[in-house]
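Colleague: structure for this input, please:
(one chain, ligands or ions: 1)
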Amino acid sequence: MEYIRVTGGRTLCGTVRPAAAKNSVLPLLAATLLCGEPCTLRDVPRLKDVETSLALLAAVGADAVRGGPGGRHIVTRPGRALCGTVPAELAGAMRGSVFYLAPLLIRTGCAVLPLPGGCRLGPRPIDIHLAGLAAMGARIEMSGSAVTLRRRGSLQGTEFTLRLPSVGATLTLMMAACCAAGTTTLHGAAREPEIVDTAAFLNAAGAEISGAGTACIRIRGTGGALLGGCEHSVLPDRIAAATYAAAAAVAGGSVTVEGCPPDYLAAFLDFLDQTGCTVLRGKNGFSVTRCPSRPLRGGCDLVAAAYPGLATDAAPLAAAVLLGAEGPSRIYDGLFQNRFACAEGFAALGADVCTEGRTLAIAGREAENTPLHGGTVRAPDLRGGAALVLAALGARGTVLVADAGHIRRGYADLPGDLASIGADCRTLCPGENPGC
Ligand code: EPZ
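Modeller: Residues are numbered from 1 along each chain as shown. All right, here's what the predicted structure looks like:
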């Protein structure tokens, strides 16, 4: 088991640059299967989900390897004849396996995907992905543990309205439409920056997508032909950026985040303003400052929602900030039923929190002398794990976060990033006694 050890009480100071966004790299790797020429994704971080994606690409016969200086880039070449079946252990290792449905259906005519895994945030259906693909002519068979899609001839362009702005389904349908015959219009599409990034990649490879980033996306398909190739720099990880911003709020001090437009996480930065942090926004970065002697203001009523609302992935991070704020706050997550599984860990560190359905209620600090204390907690999922690390920055004592492997699915080295700006935080070596 992997552990992260954090000793709280240090204020932070320094600059950090978020890596490429996990939630953009994963769909982009799948989208390379739509390309008939080589592609390069630049500066891709070494995340567990990226390694899983590379294994999945190899398993279906695609050629995707790390290359460039220090293996920073991922280079893909059009594979030989691909296999349309995703191995169950790889499909179940991450939610990102869902992005292979459309490309494998396009490339092989028959895609078989065991149901995807990923963070246990509650039910994570793929009905919108499937309804859209069916509207394009795919034939769908569901077994208990896998979905099989077939097509006869090319997929057909269609008008389709998503019943809710699913990020994954928007990406799936955008990819499928690129190689369908005719034009597809997606209404009620997700508007996240990661959608815009994938559309930019596909357009650079020869697709004709307009409206990405709005609720209405129009795609003119190739009629079955593959796209070309391209080189693409992936957009920065706005959730990692929010993590570093939250660290400054929790620990106090001043942290500058470079290389990430503040608009990508505007709702989160507005929340930090509300708590009394000083947030200075530039064109491609921002800083967050909080005087350690000045407690944060609570009394927040937050709702996690689709972009440009407060990102659901940032909801646990906001909770970690509010644990030490004066006065009660509440956060409602409208997207995932079990978003606040980290509440158990917060409570183990002395926080007064409780979950009521999809809402996390946070009592906040009543007085100076009620900081969190040390202890051992368990990361329930990727962002919940990151939130526990953040909470530990404000604890009086040492916190051990167990099951820290969840965190490496989305951060190459969160402890290292935080230590670089002054935190006492590190990953324990394999076999090192966590109790010492
Ligand atoms: C993506 O998940 C991200 N994952 C999630 O990040 C992120 O939290 C989420 O988008 C929302 O921004 C990746 O990109 C790999 P959705 P996704 O489809 O696509 C429901 C992280 O920590 N829904 O936008 O699965 C769904 O149950 C991860 O990095 C359906 O009902 O999210 C949820 O309630 C966690 N039917 C809501 O929509 C569907 O067919 C939003 O899900 C699809 C989704």
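Colleague: for stretch 118-128, buried residues please.
Modeller: Within stretch 118-128, the residues scored as buried using 16 or more other Cβ atoms under 10 Å are 118-119, 121, 124, 126, 128. Placement of C-beta: from N, CA and C, glycine included.
Colleague: tell me the one among these nearest to residue 250.
Modeller: Within the buried residues of stretch 118-128, the smallest distance to residue 250 is 21.8 Å, found for residue 119 (Cβ to Cβ).
Colleague: from the ligand, how far off is that closest one?
Modeller: Distance of residue 119 to the ligand, given as Cβ to the nearest ligand atom, to the nearest Å: 5 Å.
Colleague: OK, contacts around that residue?
Modeller: Applying Cβ atoms under 8 Å, 6 or more residues apart in numbering, we find residue 119 in contact with 95, 381-384, 406.
Colleague: same question for residue 300.
Modeller: 271, 274-275, 318, 322, 325, 329-331.
Colleague: same check on residue 210?
Modeller: Residue 210 neighbours (Cβ under 8 Å, 6+ apart): 217-219.
Colleague: what's the local residue count around the residue of the stretch 101-250 of the chain found nearest the ligand?
Modeller: Nearest residue of the stretch 101-250 of the chain to the ligand (Cβ to the nearest ligand atom) works out as residue 168 at 2.6 Å. By other Cβ atoms under 10 Å, 22 other residues sit near residue 168.
Colleague: which bits of the stretch 301-436 of the chain sit near the ligand?
Modeller: Selection of the stretch 301-436 of the chain residues close to the ligand by Cβ under 6 Å from any ligand atom yields 312-313, 335-336, 382-383, 410.
Colleague: which two of the residues you listed have the greatest separation?
Modeller: 335 and 410 (16.6 Å).
Colleague: in terms of neighbours, single out the busier of these two.
Modeller: residue 410 (26 against 21).
Colleague: ok, longest helix in the chain?
Modeller: Secondary structure of the chain per DSSP state H: the longest helix is helix 238-251.
Colleague: now that one - C-alpha only, PDB.
Modeller: This file holds the C-alpha atoms of helix 238-251, laid out as PDB (Å, rounded to 0.1, in the frame of the first residue of the first chain):
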ATOM      1  CA  ARG A 238      -7.200  23.000 -14.100                       C
ATOM      2  CA  ILE A 239      -8.000  20.600 -11.200                       C
ATOM      3  CA  ALA A 240      -4.300  20.400 -10.300                       C
ATOM      4  CA  ALA A 241      -4.200  24.200 -10.500                       C
ATOM      5  CA  ALA A 242      -7.100  24.300  -8.100                       C
ATOM      6  CA  THR A 243      -5.300  21.900  -5.800                       C
ATOM      7  CA  TYR A 244      -2.300  24.200  -5.500                       C
ATOM      8  CA  ALA A 245      -4.500  27.200  -5.000                       C
ATOM      9  CA  ALA A 246      -6.400  25.400  -2.200                       C
ATOM     10  CA  ALA A 247      -3.100  24.400  -0.600                       C
ATOM     11  CA  ALA A 248      -2.200  28.100  -0.300                       C
ATOM     12  CA  ALA A 249      -5.600  28.800   1.300                       C
ATOM     13  CA  VAL A 250      -5.300  25.900   3.800                       C
ATOM     14  CA  ALA A 251      -1.700  26.400   4.800                       C
END
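Colleague: for that helix, which residues meet the burial criterion?
Modeller: Buried, per 16+ other Cβ under 10 Å, within helix 238-251: 238-251.
Colleague: now this structure, which segments are flagged as low pLDDT?
Modeller: Along the chain, segments meeting pLDDT under 70 span 367-370, 436.
Colleague: all helices of it, in order?
Modeller: With DSSP H as the criterion, the chain has helices spanning 22-31, 48-59, 88-91, 101-108, 127-135, 167-178, 193-204, 238-251, 266-274, 315-322, 343-348, 382-393, 414-419.
Colleague: ok, residue 371 touching residue 396?
Modeller: Yes: if you go by Cβ atoms under 8 Å, residue 371 and residue 396 touch, sitting 4.8 Å apart.
Colleague: looking at those two, which one has more neighbours?
Modeller: Comparing residue 371 with residue 396 by other Cβ under 10 Å, the one with more neighbours is residue 371, at 17 against 14.
Colleague: quick one, what contacts the more buried one?
Modeller: 8, 324, 350, 365, 394-396.
Colleague: mind picking the two most distant members of those residues?
Modeller: Checking the contacts of residue 371 with Cβ to Cβ, the most distant pair is 8 and 365, at 14.1 Å.
Colleague: measure residue 212 to residue 178 for me?
Modeller: Per Cβ to Cβ, to the nearest Å, residue 212 is found 12 Å from residue 178.
Colleague: I should have written residue 349 there, sorry.
Modeller: 47 Å.
Colleague: between the two, point out the one with more neighbours.
Modeller: residue 178 (29 against 24).
Colleague: what is the end-to-end distance of stretch 315-335?
Modeller: Criterion Cα to Cα, to the nearest Å; first-to-last residue distance in stretch 315-335 is 11 Å.
Colleague: actually stretch 337-349, not the one I wrote
Modeller: Note: stretch 337-349 ends 23 Å apart using Cα to Cα.
Colleague: contacts for it next, please.
Modeller: 120-123, 304, 312, 315-316, 319-320, 323, 331, 333, 353-355, 358, 360, 372-381, 383-385, 387-388, 391-392, 395, 399, 401.
Colleague: I am finished for the moment; much appreciated.
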